[in-house]
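**Student:** here is the input, now give the coordinates:
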Amino acid sequence: MNAADFFLAALDRAEATLKRSLDGLEPADLRAQPAGPGSNPIGWMVMHLTRVQDNVLSRVQGKETEWNENGWAAKFGISDDSVQWTPDNVHAFDPQSVETLLAFYDAVRERTGAFAASLSEADLDAEHPSLRPGAPPMTLGTMLALILGDNVQHVGQVAFLRGVIKGQGWF
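**Tutor:** Numbering: from 1, shown residues only. Model prediction:
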């Protein structure tokens, strides 16, 4: 198995857990902050992990993000897309529904799959400008590891919070 196939297999595994964790949740569950004000709700985490993937891979490919290209801010009821998410305002994100979150996730995941399937081992060593201004360049392989780590971390958090809110039932 090459590195791109490994990346996609790991994303597939995280995706399966994500979708099982979201199954049966209501909009109020997606906005719940069981750890108290300032904690990340499930809906915000799903949007965030999807946007990270969308932003990183769109930048690498020199493409418009799925978020911008298909008007996801409006679909999530966000009128000012310049909002900077902080612990004080993550509760303000309205995920609308599991279906809306998964439609955004699936659109980004489809783009990710098509891109990663086209990669060669040599592509993974190619350097790209860092995601943070002033930081040194990053290889594409490092960027894929960043996406994978972000997905695994947040999907685990989603599964845990689902258990806190609804009880076990996501596996």
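
**Student:** buried ones in stretch 59-68?
**Tutor:** Within stretch 59-68, the residues scored as buried using 16 or more other C-beta atoms under 10 Å are 60, 65-67. Placement of C-beta: from N, CA and C, glycine included.

**Student:** what sits up against it?
**Tutor:** For stretch 59-68, the external contacting residues (C-beta atoms under 8 Å, 6 or more residues apart in numbering) are 51, 54-55, 58, 72-73, 104, 107-108, 111, 115, 128-129, 131, 140, 143.

**Student:** give me the buried entries from those residues.
**Tutor:** Buried by 16+ other C-beta under 10 Å: 51, 54-55, 58, 72, 104, 107-108, 111, 115, 140, 143, out of the contacts of stretch 59-68.

**Student:** what helices and strands are in contact with the longest helix anywhere in the chain?
**Tutor:** When secondary structure is assigned using DSSP state H, the longest helix within the chain turns out to be helix 140-166. Identification of packing neighbours for helix 140-166 by 3 or more C-beta pairs under 8 Å, 6 or more residues apart in numbering; DSSP states H and E yields helix 3-22, helix 27-31, helix 42-61.

**Student:** deepest-packed of those helices, please.
**Tutor:** For those, the stretch with the most neighbours on average is helix 42-61, a mean of 21; neighbours defined as mean count of other C-beta atoms under 10 Å.

**Student:** could you check the angle it makes with helix 3-22?
**Tutor:** With axes from the mean of the first three to the mean of the last three C-alpha atoms, to 10 degrees defining the directions, helix 42-61 sits at 160 degrees from helix 3-22.

**Student:** helix 140-166 and helix 42-61, what's the angle between them?
**Tutor:** Computed by the same axes, to 10 degrees, the angle between helix 42-61 and helix 140-166 is 170 degrees.

**Student:** can you list the weak-confidence ranges in the chain?
**Tutor:** Under the criterion of pLDDT under 70, the regions of the chain flagged as low confidence span 80, 82-83, 169-171.

**Student:** rewinding a little: any chance of the buried ones among the contacts of stretch 59-68 in JSON lines, plus distance to residue 122?
**Tutor:** What follows is these, written out as JSON lines (distance: C-beta to C-beta, whole Å):
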{"residue": "51", "distance to residue 122": "28"}
{"residue": "54", "distance to residue 122": "25"}
{"residue": "55", "distance to residue 122": "24"}
{"residue": "58", "distance to residue 122": "21"}
{"residue": "72", "distance to residue 122": "33"}
{"residue": "104", "distance to residue 122": "32"}
{"residue": "107", "distance to residue 122": "28"}
{"residue": "108", "distance to residue 122": "25"}
{"residue": "111", "distance to residue 122": "22"}
{"residue": "115", "distance to residue 122": "15"}
{"residue": "140", "distance to residue 122": "10"}
{"residue": "143", "distance to residue 122": "15"}
